[in-house]
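Novice: Just the structure for this:
(4 chains)
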Number of protein chains: 4
Amino acid sequence: MKKTTQLKNLIQSRDLQFIMEAHNGLSAKIVEEAGFKGIWGSGLSISASLGVRDNNEASWTQVLDVLEFMSDATSIPILLDGDTGYGNFNNMRRLVKKLEQRNIAGVCIEDKLFPKTNSFIGGEAQPLADIEEFCGKIQAAKESQTDDDFMVVARVEAFIAGWGLDEALRRAEAYRLAGADAILMHSKKSDPSDIEAFMKEWGNRHPVVIVPTKYYSTPTEYFKELGINLVIWANHNIRSSITAMQNTTKQVFNDESLINVEGNIASVSEVFRIQGADELKEAEKKYLPTNNKDISAVILA
Amino acid sequence: MKKTTQLKNLIQSRDLQFIMEAHNGLSAKIVEEAGFKGIWGSGLSISASLGVRDNNEASWTQVLDVLEFMSDATSIPILLDGDTGYGNFNNMRRLVKKLEQRNIAGVCIEDKLFPKTNSFIGGEAQPLADIEEFCGKIQAAKESQTDDDFMVVARVEAFIAGWGLDEALRRAEAYRLAGADAILMHSKKSDPSDIEAFMKEWGNRHPVVIVPTKYYSTPTEYFKELGINLVIWANHNIRSSITAMQNTTKQVFNDESLINVEGNIASVSEVFRIQGADELKEAEKKYLPTNNKDISAVILA
Amino acid sequence: MKKTTQLKNLIQSRDLQFIMEAHNGLSAKIVEEAGFKGIWGSGLSISASLGVRDNNEASWTQVLDVLEFMSDATSIPILLDGDTGYGNFNNMRRLVKKLEQRNIAGVCIEDKLFPKTNSFIGGEAQPLADIEEFCGKIQAAKESQTDDDFMVVARVEAFIAGWGLDEALRRAEAYRLAGADAILMHSKKSDPSDIEAFMKEWGNRHPVVIVPTKYYSTPTEYFKELGINLVIWANHNIRSSITAMQNTTKQVFNDESLINVEGNIASVSEVFRIQGADELKEAEKKYLPTNNKDISAVILA
Amino acid sequence: MKKTTQLKNLIQSRDLQFIMEAHNGLSAKIVEEAGFKGIWGSGLSISASLGVRDNNEASWTQVLDVLEFMSDATSIPILLDGDTGYGNFNNMRRLVKKLEQRNIAGVCIEDKLFPKTNSFIGGEAQPLADIEEFCGKIQAAKESQTDDDFMVVARVEAFIAGWGLDEALRRAEAYRLAGADAILMHSKKSDPSDIEAFMKEWGNRHPVVIVPTKYYSTPTEYFKELGINLVIWANHNIRSSITAMQNTTKQVFNDESLINVEGNIASVSEVFRIQGADELKEAEKKYLPTNNKDISAVILA
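Specialist: Numbers count the residues shown, from 1 in each chain, chains lettered A, B, ... in the order given. Next up, the predicted model:
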């Protein structure tokens, strides 16, 4: 099944579905191997992984390069956290075209301003994108996709930016009418009250996606009751890798030895397995000359 | 101090020095924060991180892009694991030029053939590069660097490829005479006997670098006795991140919840700290108009 | 019709067909607008355009980036001059995958060594790729394509490297049997005698492509008589642009004025037309808010 | 002399100086060979060359990749036409850092909005950047450069956008005070009256750069009288290459032959000369093994 269709099915599923963050080819593969049916290409995680801030410091084509490695390494769909679309409707059209070429299944764009600032930094209300302008962007995205199942998710930042339920509803409805395939309703509260309030008014109007990073202690069962379609576990691979690498690096630094580390980390063979070394070995047998083994000195030049 | 000079000092130090693997901007920063004085830009780790194999599947400019993020995120020197130099002497010249532009402090090249295969995959003897050709490559690298302190390390694969001590010594000496700043003597034995044998003959002739991935249980004190200059902990960050991400992802997949994960991984604030969010906040105060906060609706287009 | 199918039809056409060199999005578009049915993505021209030598100084992904712009700007197929495939069979497999993603219709690989040297530089005989190894590369390419119509053309350098008719025939036949969709028989003679000799023995066995850069004065009618399928005009856009830019630049430099240049070069409007400015104007009307024009001061940040 | 210092000297010269457009490594080299002392990295030309529109369709890192090839191919300074800086002050800081790494001597930014539209498309007045915000961007650029001679030129679009002399002067003075090294005053009139009016008020306050694309028929002597420091011939290489390639391609298409083209375009040898083929030949003699010529069959793998 096409990756786009896989993602569409996840978003439109009656059962609550889950996708998990990845930020490079390696983590994407790990997400697939764990059993997940989809990947969240997190802007925060990708930027953190690169070593830059989540404020469009990496260009959109650098993000695209990361996504290409992620998609090539996996067979499940990727939903890109596409910030604001990296510009206006025209940049959005290019983005959709490029994502389709790289076999990325969908993109989520948010109604903030470019260059973006991260939702969880700072406390004051932030200006949001003009609704009409953002709807034009959604429409442009939908009209430029060539694969009918490519997904465009509209992320509403109204709660995050301090604009309340009315604004959240107004925007969600506008984005739905503009053609968005789902609404991602974001909240930075540590309880699900924003989402709860929204879902009561929203009903089953259109698929809803949430990101319970802050309200992680809410039982998943409750999200099912509210009628949420898709939950994104948004940044937990990058965060677990940070802790692991910090611990490993400090241990090795203090010990000046690998002795206390070696047993607790993946083996080199496991690295090779994930990379698919075996396939290449088989392919070498098939495609390389059999006399290759006898060569003892070869001019490279 | 220039990064190249920092690396030169590490390599020429009388005391045993250590550098640690990193594979992206994030891990590079973690290595620096732990106290290490240098970073190993591991080919295996970078390729694994990207989700490809360590057989020149990523192009040399894609590797360069990774290194640029790593160097930008840190202030300690990076020694690149440069495979075979990605081609002949001319490709090597370009590589050195590009590494200098990105502020990478040095490159290690190995006397294998392009496209490379990983030393630890497969068992049979492998053909090595022609000595004269490899010396020409070293010479070309040294003569094209513009910063006198840029380091070129020659990695001898004679033991790995099954050619024995004589070949190892012959090659090490040839590479030294060709201008290499240090010899990296590689071994895949689980004890240090290869290195021991080499060092007894080699003496203090020229700086020696080792990678004790397989003979990790050898006490570091012994490397000091042998007169080794630099030890590379070669792939332990990528391996620790794999284990951590596999565990986290499986836990979240099985639980359909973050509840058992949240307390064990770096906080979102820690991600922001590593990314340098505070600096940007300060900079926004300095460079953005003060009336910015009052805007409530802005046309992006 | 798919670009791959378009190229297949050109290669398998009974009538002699022609494709023309381009080296960036602009020249690709010009080739299409002139009426050509296909584009030759020349390695020499692309490298010259970038300002580097045709010896794999640009990485294969940098070449890919150029091709992507070329393909995005046009609707006719591109046949890439893929040098040696940029490595071994495994690099070739990746190349095919990446070309398909970018909608490149086919690739021509030559039986020389990596890094390549240009056929027309220097006079002595050059070593060629091992036949068995090169056939493995062709087979790997064909077996990794997902679009049945993607074309793999095998370029025989036997004449160029001074190996004569027998070697040319032996290699052509081997490459045909390995799965190549066509044979590109290269010659550096100023008359068509190499091609003539080859075609007499080869007959109609399999499609044949030629590049009459050196024997340009041969009447095209004669190529038809010989049964050639496709002629590549290989580097004439880059060469005409060089002459034009050298003349224009010198004129402006000497005059310290545009006065003698303005009337002889494309207008700025023509540049906009080629870029498709009109489409964007229309799209802005459709997708941008109508109140946009009234804004007089906007905060960008 | 450093490229930045070269550009600084051009901008601060008492005599009128000239720089010429280039859009890739090839045209950059042609500009240098003609005798020019500097290169204009035109946004319009670079985008046209890539085959996209001059509306930030290419990402800023894709533009950077083009500039890197241009700078590597030449020894004279490049002043980048940096649009709006590709975002806010923070993107500007990254841009300056990246330009310095690639040895680009300076950047010109304009007080328009991101994504930019081309000054000469459409007729209505356009909104300009907030002055305070733009000054913050200039200041951020100047404070992030590490080379004191890196040049930041502020381009005033007030005349283009229909805001008149007062706005032009107000902005120019604000940008000067914010730290800009020169003011580029743009005009789309076919006579120099805008520039004339500005210079009369501006006097010798600070270096002034102009782009007489539209008022090309004004005698250069008059620019000297007005006290202009630097003239940019902004897009004439791309435009001359378009005409040449259109003519050549059509001729070859119609003739189905090279016969009428071959004599009028640069020879293949000239392409090789520009690429520096001779240097590589010499280097091969120096760095490649002398026994290389005797090899007749080589395994590439």
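Novice: what's the weakest-modelled helix or strand in chain A?
Specialist: strand A:297-298 (a mean of 34; mean pLDDT, DSSP states H and E).
Novice: which intervals of the stretch 101-250 of chain A have sub-threshold pLDDT?
Specialist: Low-confidence segments of the stretch 101-250 of chain A, defined by pLDDT under 70: A:117-125.
Novice: Now do the strands in chain A.
Specialist: All strands of chain A, identified by DSSP state E, fall at A:17-22, A:39-41, A:78-81, A:106-110, A:128-129, A:151-156, A:182-185, A:208-210, A:230-233, A:297-298.
Novice: Buried deepest among the ones you listed, which one?
Specialist: Sort the strands of chain A by mean neighbour count, taking mean count of other Cβ atoms under 10 Å in any protein chain shown, and strand A:39-41 sits at the top with a mean of 29. All C-beta spots, glycine's among them, are computed from the backbone N, C-alpha and C.
Novice: how about it against chain B, any contact?
Specialist: No. Strand A:39-41 stays clear of chain B (Cβ under 8 Å from any Cβ of the partner chain), getting no nearer than 10.6 Å.
Novice: by contact count, what packs against that strand?
Specialist: Judged by 3 or more Cβ pairs under 8 Å, 6 or more residues apart in numbering or on different chains; DSSP states H and E, the packing partners of strand A:39-41 are strand A:17-22, helix A:25-34, helix A:60-72, strand A:78-81.
Novice: if I pick the closest residue to residue A:103 other than its chain neighbours, what's in contact with it?
Specialist: Nearest residue to residue A:103 in three dimensions, chain neighbours excluded: residue A:71, at 4.8 Å (Cβ to Cβ, 6 or more residues apart in numbering or on different chains). Shown in contact with residue A:71 (Cβ atoms under 8 Å, 6 or more residues apart in numbering or on different chains): A:3, A:28, A:78, A:102, A:103, A:104.
Novice: Verify the contact between residue A:244 and residue B:248 for me.
Specialist: No. Here residue A:244 does not reach residue B:248: they are 9.1 Å apart, not a contact under Cβ atoms under 8 Å.
Novice: and for those two, which residues touch both?
Specialist: By Cβ under 8 Å, 6+ apart, no residue touches both residue A:244 and residue B:248.
Novice: which one of the contacts of residue A:71 sits closest to residue C:261?
Specialist: Lowest distance from residue C:261 to these (Cβ to Cβ) belongs to residue A:102, with 41.9 Å.
Novice: Would you mind measuring from the closest one to residue C:102?
Specialist: 10 Å (Cβ to Cβ, to the nearest Å).
Novice: Does chain B have contacts with the lengthiest helix in chain A?
Specialist: Looking across chain A with DSSP state H, the single longest helix is helix A:236-255. Yes. Under the criterion of Cβ under 8 Å from any Cβ, chain B is reached by helix A:236-255 at A:236-250, A:252-253.
Novice: list the buried ones in that helix?
Specialist: For helix A:236-255, the neighbour count (16 or more other Cβ atoms under 10 Å in any protein chain shown) marks A:236-249, A:251-253 as buried.
Novice: can you tell me which residues contact whatever residue of the stretch 51-200 of chain A ends up closest to chain B?
Specialist: Proximity to chain B, evaluated over the stretch 51-200 of chain A using Cβ to the nearest Cβ, is greatest for residue A:51 at 1.6 Å. Residue A:51 is in contact with B:24, B:25, B:26, B:28, B:29, B:69, B:70, B:72, B:73, B:275, counting by Cβ under 8 Å, 6+ apart.
Novice: of all these, which two lie farthest apart?
Specialist: Maximum pairwise distance among the contacts of residue A:51 (Cβ to Cβ): 14.4 Å, between B:70 and B:275.
Novice: Adding mean pLDDT, write the helices and strands packed on strand A:39-41 out as JSON lines.
Specialist: As requested, the helices and strands packed on strand A:39-41 are exported to JSON lines (pLDDT from 0 to 100):
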{"stretch": "strand A:17-22", "mean pLDDT": "98"}
{"stretch": "helix A:25-34", "mean pLDDT": "98"}
{"stretch": "helix A:60-72", "mean pLDDT": "98"}
{"stretch": "strand A:78-81", "mean pLDDT": "98"}
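Novice: which residues of the stretch 151-300 of chain A fall in helices?
Specialist: With helices called from DSSP state H, counting those that start in this stretch, the stretch 151-300 of chain A shows them at A:164-178, A:193-202, A:220-226, A:236-255, A:268-275, A:277-287.
Novice: To residue A:151, which of those helices lies closest?
Specialist: helix A:164-178 (13.3 Å).
Novice: Quick one: list the elements packing against that closest one.
Specialist: Counting contacts by 3+ Cβ pairs under 8 Å, 6+ apart, helix A:164-178 packs against helix A:131-144, strand A:151-156, strand A:182-185, helix A:193-202.
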